[in-house]
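Engineer: What shape does this take:
(2 chains)
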Amino acid sequence: MTDLAIAAAAQPSAPEAGGWARGRPYLVYAAQRLAQAVVVILLAYVLSFVLITILPGNAIATTLASPQSGLSPAQIKNVENYYGVTKPIAVQLGLALSRFVRGQLGVSLVTRQTVTSLIGGALPYTLKLAGAALAIALVLAAVIAYGSQYLPGRWARSVLRSVPSLFLSVPNFIIGLLLIHYFSFQLHTFDVLNPDSPVGTFFAGLALGIPICAPLAEVLISNLDRESSQEYVLVARSRGLTQARLFARHLVKPSMLPAVTMAALIAGELMGGAIITEEVFGRNGIGSVMYQAVSDQDTPVLQGVVALAAVVFVVVNLIADLAAPLLDPRVRLGRGRRERAGGAS
Amino acid sequence: MSIALAPEPTQSPPRRLTAAARAASAAVSLSVLVSFIVVVIVILWSLFPSLFTSYSAVAANPAEKFLGPGAQHWFGTDDLGRDEFARVVYGARSSVGTALVAVGIGLFAGGLIGLLAGFAGGWADAVLGRLVDTLLAIPGFLLAVVVVTGLGFTTLNAAIATGIASVAIFARLMRAETIKVRHSVFIESSYLQGGSAGYVLFRHVLPNAYRSVLALAVLQLGNAIIVIAALAFLGYGSPPPASDWGLLVAAGSTDATAPWLVYGPAIVIVVTVLSINRISRWLRKTS
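Structural biologist: A predicted model of the protein is given here:
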């Protein structure tokens, strides 16, 4: 929930952009980041395997052996061979990793579909929800940040500034329940619980987006505070720029840089939050696949979802890191932000 | 610089010491004070629940089911006639106490990893750095769900899972703080005066790093309450009749006719987390 805020609060200031600015050629930097990303994805898969396999209380064998699995002894044998259940853990890990590298995530122990098709089938629903949540979060964050700078009245501005910390303190399942209760039961907007209607997607997106908008708004506000005291802002104002144009053209763009480095965290937050949001709003998607896999102890599916999340996180992070040097002209010119910020304070 | 800033209407440093500004700073400390009071009350709930309510959290009373909030029952009663406020108070121990366990795990394991990586540097830093990157790559809540699935569904296991999911963030901050201190001149001079690595670590590095790590730990406490409540909400905590706050919200949400069963625990969660976050913000500002 507020993982994102915590990660943002504990983030050492823009290490990636600074790392590149030390004068290495951009392509070398990009290649190094790419190699790092591949290593982290593989390690994340190994970690999820180790966590699921070594932790007590569950194993593929116990799930298969339970009478509810509905498998014949021959089928059980087949699945056991596929996962190498009887072999040592290191061999099982080797098998799993070699499948993973070839893009196979295994077969569900319950539905007997491949994990790839299970996830592939659920992905569009979650993408729709996550897209709505992201759009809502960005718009809300921009509105809050703009208001915190330009709203008339000191009191109104400071109230708006405390909105992000309120949003951070409300778990998204509570937001979801309150939205459902108010709009569905009180106002009888029954589409709230209809996953196929745009209204349903909007409200689910709101529940998922509000906790995400809070840290975004905080970062935007603190950056706007800093950037608006920079001299280039004064120059731009003296040349007759209106407030709105100044905000849009000269303030938002440099403030985007820290927001972009948060992109991967946002993606992770969207996936984690999807479990709860989809459960609360009764929607299909990756979250409900995960929820089902947990109650069935369907470890291959669980591991597949974790692998997907890690891939999404790492890829978004990679794109953000590669894009960061291109967003701020001062970083592009090879002068670190930290050095500049130190000089200004 | 202040002359350059003068045309900016939103910032007026010369007026910093006026009465209005002094009132504003007093208001800030008031909100911190209220936050501390809230946290103390919640801690007392978890230690001595029977002092705060005369009702039982588990005994059913069919004559009084689905009563709305009132003077007798502050948060109303549930489908078995149990006092919802009593259930919230008795649930504080497993909702907030376990959050402390979660933060303890993250603080200890993450702090150790970060300290080792930052202090030893080189090879150890590279290996631990990849481990932290890997932990960070799995979204915290997903990681917590996977771990609690492996360990089994109890609230304590949910807390352990939440703690494991926060290790990476503590490790990263601790490493950054350690490196910042390690390259200071006074560390160098301490070595030159014959200080051992252990002496430098405990005398200089830890005392300098602890303040920002403490602020993170407090912030993480609020987060842990939310994550544990979310896990309990999904049914990954201890089963009823336990009364974890997340579980109370989940149970209350099944009855659309009794919305107070959601409002009570929800308000308690939000106010508690808001207070803890306020304290963390105050710690960060004063550090």
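
Engineer: check contacts around A:G106.
Structural biologist: A:Y82, A:Y83, A:A96, A:R99, A:T114, A:V115, A:P300, A:Q303, A:G304 (CB atoms under 8 Å, 6 or more residues apart in numbering or on different chains). In short, each C-beta sits where N, CA and C put it, glycine included.

Engineer: Remind me which helix or strand the third one belongs to.
Structural biologist: Using DSSP states H and E, the element containing A:A96 is helix A:89-101.

Engineer: Which strands and helices lie in contact with that helix?
Structural biologist: Applying 3 or more CB pairs under 8 Å, 6 or more residues apart in numbering or on different chains; DSSP states H and E, we find helix A:89-101 packed against helix A:26-54, helix A:73-83.

Engineer: The helix or strand following that helix: which residues count as buried?
Structural biologist: The helix or strand immediately downstream of helix A:89-101 is helix A:115-150, counting by DSSP H and E. Neighbour counts over helix A:115-150 (16 or more other CB atoms under 10 Å in any protein chain shown) mark A:115, A:118-119, A:122, A:125-126, A:128-130, A:132-134, A:136-138, A:140-142, A:144-149 as buried.

Engineer: ok, which of the residues you listed also contact chain B?
Structural biologist: A:Q149 (CB under 8 Å from any CB of the partner chain).

Engineer: Who are the contact partners of residue 44?
Structural biologist: This is for chain A. A:V306, A:A307, A:A310, A:V314, B:T134, B:A137, B:I138.

Engineer: Can you look at chain B instead?
Structural biologist: Applying CB under 8 Å, 6+ apart, the residues contacting B:L44 are B:L51, B:F52.

Engineer: again, only using 10 Å
Structural biologist: B:L51, B:F52, B:V89, B:A92 (CB atoms under 10 Å, 6 or more residues apart in numbering or on different chains).

Engineer: The third one: neighbour count?
Structural biologist: Translated: B:V89. 27 (other CB atoms under 10 Å in any protein chain shown).

Engineer: Over to B:A232?
Structural biologist: Using other CB under 10 Å: B:A232 sits among 28 other residues.

Engineer: Is it correct that it is in contact with B:N157?
Structural biologist: No - shown here, B:A232 and B:N157 do not form a contact pair, counting by CB atoms under 10 Å, at 11.3 Å.

Engineer: what ranges of the stretch 51-200 of chain B fall below the confidence cut-off?
Structural biologist: B:58, B:66-67, B:81 (pLDDT under 70).

Engineer: ok, 90 please
Structural biologist: Applying pLDDT under 90 to the stretch 51-200 of chain B flags residues B:51-98, B:111, B:114-143, B:146-158, B:165-166, B:168-169, B:172-200.

Engineer: just the helices in it please.
Structural biologist: Here the stretch 51-200 of chain B has its helices, by DSSP state H, counting those that start in this stretch, at B:84-92, B:98-105, B:111-120, B:122-137, B:140-151, B:155-165, B:167-182, B:185-192, B:197-200.

Engineer: helices or strands up against the fourth one?
Structural biologist: In this structure, helix B:122-137 packs against helix A:26-54, helix A:263-281, helix A:299-327, helix B:111-120, helix B:140-151, helix B:167-182, with contacts taken as 3 or more CB pairs under 10 Å, 6 or more residues apart in numbering or on different chains; DSSP states H and E.

Engineer: What average pLDDT does the third one get?
Structural biologist: For helix A:299-327, the per-residue pLDDT values average out at 84.

Engineer: which residue is nearest the middle of chain B?
Structural biologist: Against the mean C-alpha coordinate of chain B, by CA atoms, centre = their mean, the closest residue is B:L221 at 1.3 Å.

Engineer: for that residue, what are its contacts?
Structural biologist: Taking CB under 10 Å, 6+ apart as the test, what B:L221 contacts is B:39, B:96, B:99-100, B:102-104, B:106-107, B:272-273, B:276-277, B:279-280.
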